[in-house]
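Novice: mind folding the following:
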Amino acid sequence: MNDIDEPLPPDMLARRLTEVYDAIGPLYRRAQRSVEQGLAAHGLSVGVRAVLTLLHRNGPMTVPQMGRAQAISRQFVQRMVNDAAARGLVESVPNPAHRRSSLIRLTEEGRAAITAVLDREHLLLREVGGDLTDADVTTCLRVLGSMLDALDHVDVA
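Specialist: Below you'll find the predicted structure:
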């Protein structure tokens, strides 16, 4: 058996990470359904919410930057940006770094919409129990980040 603080041998690590993948699927689907239910009141889709969240956290971004950040196609992001723009939630502004790739930024209406959504989600996440510590969450993020990095070679459709 392996000491809990020692790195796992590759085969054991692969088996344990499979357990993580197996937990992520149902977690992701349930979280997405919960988000969709909460977004219905705001008339937002999960895709538009993702765009608004990126802009809320990072400030103005180009469509390609958003696609890379979310590991989704530029075309899908463009459709979500178009939907958000049609609702007055985002606007396109000149990009001083690249004339042909505009920056997308939140409008005041978009900022208010995503703030309301994130506040609702924050209240739900406060209900997560289990006496989790900051170290637990830091470790979880480190593991998931390593797993994501290992899939960097996978092409975004």
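Novice: in stretch 67-76, what's buried?
Specialist: 67, 70, 72, 74, 76 (16 or more other C-beta atoms under 10 Å). C-betas here are computed from N, CA, C, even on glycine.
Novice: list the contacts of the first one.
Specialist: If I follow you right, that is Gly67. Contact partners of Gly67, counting by C-beta atoms under 8 Å, 6 or more residues apart in numbering, are 73-74, 76-77, 156.
Novice: again, but for the last one
Specialist: Neighbouring residues of Phe76 by C-beta under 8 Å, 6+ apart: 47, 67.
Novice: quick one on the thing from earlier: could the buried residues of stretch 67-76 go into TSV alongside secondary structure and pLDDT?
Specialist: TSV is the format used below for the buried residues of stretch 67-76 (DSSP: H, G, I helix; E, B strand; the rest coil; pLDDT from 0 to 100):
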residue	secondary structure	pLDDT
Gly67	helix	93
Gln70	helix	89
Ile72	coil	89
Arg74	helix	92
Phe76	helix	95
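Novice: so where's the chain shaky on pLDDT?
Specialist: 1-3, 156-157 (pLDDT under 70).
Novice: and Asp134, what does it touch?
Specialist: Asp134 neighbours (C-beta under 8 Å, 6+ apart): none.
Novice: which phi and psi does it have?
Specialist: When read as degrees, to the nearest 10, the backbone of Asp134 gives phi -60, psi -40.
Novice: distance of it relative to Val20?
Specialist: 20 Å (C-beta to C-beta, to the nearest Å).
Novice: with Arg30 instead?
Specialist: Distance of Arg30 to Val20, computed by C-beta to C-beta: 16 Å.
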